[in-house]
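A.B. asks: A structural model of the following input is requested.
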Amino acid sequence: MSSEEKDMSGIDDGKNAEDIKKQLDKLQVCPYCQGIVELVWVHGHYQCPRCKSVVVSCCGES
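C.D. replies: Numbering: from 1, shown residues only. Below you'll find the model as predicted:
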């Protein structure tokens, strides 16, 4: 067993390191609630799923 396999042996959720890195790359800090979230696309803008604030507007709105 390689050292990488030993490091990952405690993880038993069926995900490999590359999948976990891809998920972590999607996370951002909401500027309003400071939550670490994956922004959600809703009706033409991105919003925080935790506080529902519009974080990135499609038209420059706030």
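A.B. asks: Now do the contacts for the one residue sitting closest to the centre of the chain.
C.D. replies: Nearest to the geometric centre of the chain sits residue 27, at 2.6 Å (CA atoms, centre = their mean). Contacts for residue 27 (CB atoms under 8 Å, 6 or more residues apart in numbering) come out as 36-38. C-betas here are computed from N, CA, C, even on glycine.
A.B. asks: Could I get the full set of strands for the protein?
C.D. replies: 28-29, 36-37, 40-42, 45-47, 54-57 (DSSP state E).
A.B. asks: The lengthiest helix in the chain: which residues count as buried?
C.D. replies: With residue count as the measure and DSSP state H as the assignment, the chain has helix 17-25 as its longest helix. Buried residues in helix 17-25, counted by 16 or more other CB atoms under 10 Å: none are found.
A.B. asks: One more: stretch 35-51?
C.D. replies: Residues 37, 39, 47-48 are the ones in stretch 35-51 that count as buried (16+ other CB under 10 Å).
A.B. asks: how about these, which pair is most distant?
C.D. replies: By the measure CB to CB, 37 and 47 form the most distant pair in the buried residues of stretch 35-51, at 9.7 Å.
A.B. asks: my guess is residue 45 contacts residue 58, does it?
C.D. replies: Yes - counting by CB atoms under 8 Å, residue 45 does reach residue 58; the two are 5.2 Å apart.
A.B. asks: on that earlier part again, select, out of the strands of the chain, the one closest to residue 20.
C.D. replies: By CB to CB (comparing all of the strands of the chain), the closest turns out to be strand 36-37, at 14.7 Å.
A.B. asks: how about low-confidence regions in the protein?
C.D. replies: The chain contains residues with pLDDT under 70 at 1-14, 60-62.
A.B. asks: which ones are touching residue 30?
C.D. replies: By CB under 8 Å, 6+ apart, the contact list for residue 30 reads 36-37, 39, 48, 50-51, 53, 55.
A.B. asks: Can you tell me which of the residues you listed is nearest residue 21?
C.D. replies: residue 36 (15.4 Å).
A.B. asks: what sits opposite that closest one in the beta ladder?
C.D. replies: Judged by DSSP bridges, the bridge partners of residue 36 are residue 29.
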